[in-house]
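> Okay, predicted coordinates and the sequence, questions at the end:
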Amino acid sequence: MGIKKVFIKTHGCQMNEYDSAKMLDLLKNEEKFEITKNEEEADLLILNTCSIRDKAQEKVFHQIGRWKKIKIKKPDLRIAVGGCVASQEGEKIVKRAPAVDIVFGPQTLHKVPGLYKENLYTDKAQIDTSFPKLEKFDFFPSTDNSGASAFVSIMEGCNKYCSFCVVPHTRGHEISRNVVDILNEVSSLADRGTREIYFLGQNVNNFKGSYKGSSTSLAKLIELTAKVENIDRIRFTTSHPYEFKDDLVKVYEKVPELVSHVHLPVQSGSDRILNLMRRRYTIEEYLELIDKIRSIRPDMSFSSDFIVGFPNETDEDFAATLDVVEKVKFDESFSFIYSSRPNTPASEMPDNVSVSEKKERLDLLQSKLSQLSFGYSRKMVGTVQNCLITGSSKKDPGELQARTFNNKIVNFKPRNFRIGDFVNLRICEAYTNSLRGVVDTVAS
């Protein structure tokens, strides 16, 4: 029998990207799979799903339908569906799409090799969407990652139960990893050439991992990570404003490796809507937090998330959102039209904002956010930025791509540089989603 090949398609957030990478490591180690970018030649097709946005289930079944056509031609092909939609739908996926052989949740991805073998042996669908807490991390092999930047998941789940969000139902309650285990993973990555660590969690700043017999915080974890040799930059996402405590604000003063960029979802500028969303903070408190962080890092770059057209959102509520955008001047943001998600309190509210109103508001918001982001980029033209080289340019493989301290992408003509090097780039042009630079001096 020839070498087996696996193809994986990932929807959604950075945590899904992290999970997909770990799944591939497991399959390479335990089942000797090779990764392929060609669906047609795969022996195992994996869809790692996300349920945050509207019509997530339908997108999953459309993809399964496309893969079913490949399976008809290749009967030994196995199809696996994992992630949040799998956790949400479970055995319903197999009932609706019998072509699916394996269904697993975000907390059972470490069982994929075993589920695959059991399916081969029995030819029966294997389903495991249980929540065995942090068990999966005990099974992850050391990664072969040699990239300049790497994700490290430090906690799972969320206890906030925002009225619009399905995460507590699909990923379970908050549970934090042991600090020593995290630092061991960071050290292993650093040994393989990683220079930047990106901590992940659904509610990452409520991290409460065990360290020396007691619970600790994200701030302490950041301080410890900064001491790991060759780790020069630290990022984290996604943070909740309610959990952004003073110790985390002060760590920006203590740890120069912590980048000058933070993703801080506000969702709405209206206190009334925030209350309906169960966000646990007011706009006044949110703006006070922004001011605290900027008092320590005046050049701090903020990005955010917005939901437009939430049930009962009025023109006045939306105007309040635009007002917050103007006050904070977000550098980058993600905005979406509200969509009802199953098993959430908001799904029981009357969705009384018309589709046309939602689209109009989204267009206005995105236009404002784009103007601010481009203006921010234009101000960087002429400055010299210390950048970490992360790979080849997506648009031009003949160029390299680097990232500034405040999270801007810079493309430039290469010299004798490697991924993982730092270089000082003089910014010469600003575009909508990136910058162009020229080498000023080589950093460390």
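All right, it came through fine.
> Name the residues of the lengthiest helix in the chain that are buried.
As assigned by DSSP state H, the longest helix anywhere in the chain is helix 355-380. Neighbour counts over helix 355-380 (16 or more other CB atoms under 10 Å) mark 357-358, 361-362, 365-366, 368-369, 372-373, 376-377, 380 as buried. The way it works is simple: take the backbone N, C-alpha and C, and place the C-beta from them, glycine included.
> just stretch 126-135 next, same as before
Buried residues in stretch 126-135 (16+ other CB under 10 Å): 126, 127, 128, 129, 131, 134.
> Give me the distance between the two termini of stretch 269-288.
Using CA to CA, to the nearest Å, the end-to-end distance of stretch 269-288 comes out at 14 Å.
> for that stretch, the distance to its chain's centre please.
Distance of stretch 269-288 from its chain centroid, counting by CA atoms, centre = their mean, to the nearest Å, is 23 Å.
> cool, and stretch 403-419?
21 Å.
> before we move on, what about stretch 155-175?
Chain-centre distance of stretch 155-175: 15 Å, with CA atoms, centre = their mean.
> Tell me which stretches of the stretch 51-200 of the chain form helices.
Assigned by DSSP state H, counting those that start in this stretch, the stretch 51-200 of the chain shows helices spanning 56-73, 84-89, 92-96, 112-122, 167-170, 179-191.
> Summarise which helices and strands the last one is packed against.
With contacts taken as 3 or more CB pairs under 8 Å, 6 or more residues apart in numbering; DSSP states H and E, helix 179-191 sits against strand 149-153, strand 210-211, helix 218-226.
> Which of those sits closest to residue 142?
Of all these, strand 149-153 sits nearest to residue 142, with 12.2 Å by CB to CB.
> So which elements touch that closest one?
Here strand 149-153 touches helix 14-31, helix 179-191, strand 196-200, going by 3+ CB pairs under 8 Å, 6+ apart.
> now what about the helix or strand following the first one, what contacts it?
Following helix 14-31 in sequence order, the next helix or strand is strand 34-35 (DSSP states H and E). Taking CB atoms under 8 Å, 6 or more residues apart in numbering as the criterion, the residues outside strand 34-35 that touch it are 3, 4, 5, 6, 7, 8, 24, 28.
> What average pLDDT does strand 34-35 get?
In this model, strand 34-35 has an average pLDDT of 94.
> Let's see stretch 318-332 as PDB, backbone CA atoms only.
C-alpha atoms of stretch 318-332 as PDB (Å, rounded to 0.1, in the frame of the first residue of the first chain):
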ATOM      1  CA  PHE A 318     -25.600  52.500  15.500                       C
ATOM      2  CA  ALA A 319     -24.600  56.200  15.700                       C
ATOM      3  CA  ALA A 320     -23.100  55.400  19.100                       C
ATOM      4  CA  THR A 321     -21.000  52.700  17.500                       C
ATOM      5  CA  LEU A 322     -19.700  55.100  14.900                       C
ATOM      6  CA  ASP A 323     -18.900  57.500  17.800                       C
ATOM      7  CA  VAL A 324     -16.800  54.900  19.500                       C
ATOM      8  CA  VAL A 325     -15.000  54.200  16.300                       C
ATOM      9  CA  GLU A 326     -14.100  57.900  16.000                       C
ATOM     10  CA  LYS A 327     -12.900  58.100  19.600                       C
ATOM     11  CA  VAL A 328     -10.700  55.100  19.600                       C
ATOM     12  CA  LYS A 329      -9.600  55.300  16.000                       C
ATOM     13  CA  PHE A 330      -9.200  51.500  15.500                       C
ATOM     14  CA  ASP A 331      -6.400  50.500  13.200                       C
ATOM     15  CA  GLU A 332      -8.000  47.300  12.000                       C
END
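> Just send the helices and strands packed on helix 179-191 back as JSON lines, with mean neighbour count too.
Converted to JSON lines, these look like this (neighbours: other CB atoms under 10 Å):
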{"stretch": "strand 149-153", "mean neighbour count": "21"}
{"stretch": "strand 210-211", "mean neighbour count": "16"}
{"stretch": "helix 218-226", "mean neighbour count": "21"}
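> picking up where we left off before, want to try JSON lines for the buried residues of stretch 126-135, with pLDDT as columns?
Formatted as JSON lines, the buried residues of stretch 126-135 follow (pLDDT from 0 to 100):
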{"residue": "126", "pLDDT": "97"}
{"residue": "127", "pLDDT": "96"}
{"residue": "128", "pLDDT": "95"}
{"residue": "129", "pLDDT": "92"}
{"residue": "131", "pLDDT": "86"}
{"residue": "134", "pLDDT": "76"}
